[in-house]
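Participant: Sequence first, predicted coordinates after that:
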Amino acid sequence: QEQLVESGGGLVQPGGSLTLSCAASGFNLNSYAIGWFRRAPGKAREGVSAISDSGGSTNYVDSVKGRFTIFRDNAKNTAYLQMNALTPDDTGVYYCAAGLYGSSLKPGSYDYWGQGTRVTVSS
């Protein structure tokens, strides 16, 4: 059974950092692009970052450029989202997704979704 599992969320103070992980099981992540999405309280789901299957192409929403870095380790069947300089606006549930179309921030481009990990940025 194909599955994505996110981890690494938690409570962090403004200015802090977290690294989220997205581990795949039941399928080979090497052939898929990975997207990270978030849903903030009271807001629509938002594409945050994406990376192509090879890792050669990345994409970021403007609000996280220069602060977040997406990368992957295909040998571990895992993708990551390193988040620095976090602000309260980054609070939300973060989801990873896998799809066959490279580095898109559109949810419709993805076929498999994880259950999400919660990130709370607060002092």
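Facilitator: Sure thing, it's come through.

Participant: how long is stretch 47-59 from one end to the other?
Facilitator: Between the opening and closing residues of stretch 47-59 lies a distance of 10 Å (CA to CA, to the nearest Å).

Participant: list the buried ones in that stretch?
Facilitator: 47-53, 55, 58-59 (16 or more other CB atoms under 10 Å). Every C-beta, even on glycine, is put in place using the N, C-alpha and C of the backbone.

Participant: now it, how far from the chain's geometric center?
Facilitator: In terms of CA atoms, centre = their mean, to the nearest Å, the centre of stretch 47-59 is found 10 Å from the chain centre.

Participant: Residues contacting that stretch, please?
Facilitator: 30-38, 60-61, 64, 68, 70-72, 74, 79, 81, 94, 102-107 (CB atoms under 8 Å, 6 or more residues apart in numbering).

Participant: if I look at the spatially most central residue of the chain, how far off is V12?
Facilitator: For the chain, the residue lying nearest the average C-alpha position, counting by CA atoms, centre = their mean, turns out to be W36 (2.6 Å). W36 sits 16 Å away from V12, going by CB to CB, to the nearest Å.

Participant: Repeat that for W113.
Facilitator: 24 Å.

Participant: Tell me where the model's unsure across this protein.
Facilitator: Counting by pLDDT under 70, the chain contains no low-confidence residues.

Participant: all strands for the chain, in order.
Facilitator: Shown for the chain, the strands assigned by DSSP state E span residues 3-7, 10-12, 18-25, 33-39, 45-51, 58-60, 68-73, 78-83, 92-99, 112-113, 117-121.

Participant: which one of the buried residues of stretch 47-59 sits closest to T19?
Facilitator: Using CB to CB, S49 is the member of the buried residues of stretch 47-59 that lies nearest T19, at 12.7 Å.

Participant: List the beta-bridge partners for the residue nearest to that closest one when sequence neighbours are not counted.
Facilitator: Closest residue in space to S49, ignoring its immediate chain neighbours: I70 at 4.3 Å, by CB to CB, 6 or more residues apart in numbering. Here I70 sits in beta bridges with L81, as judged by DSSP bridges.
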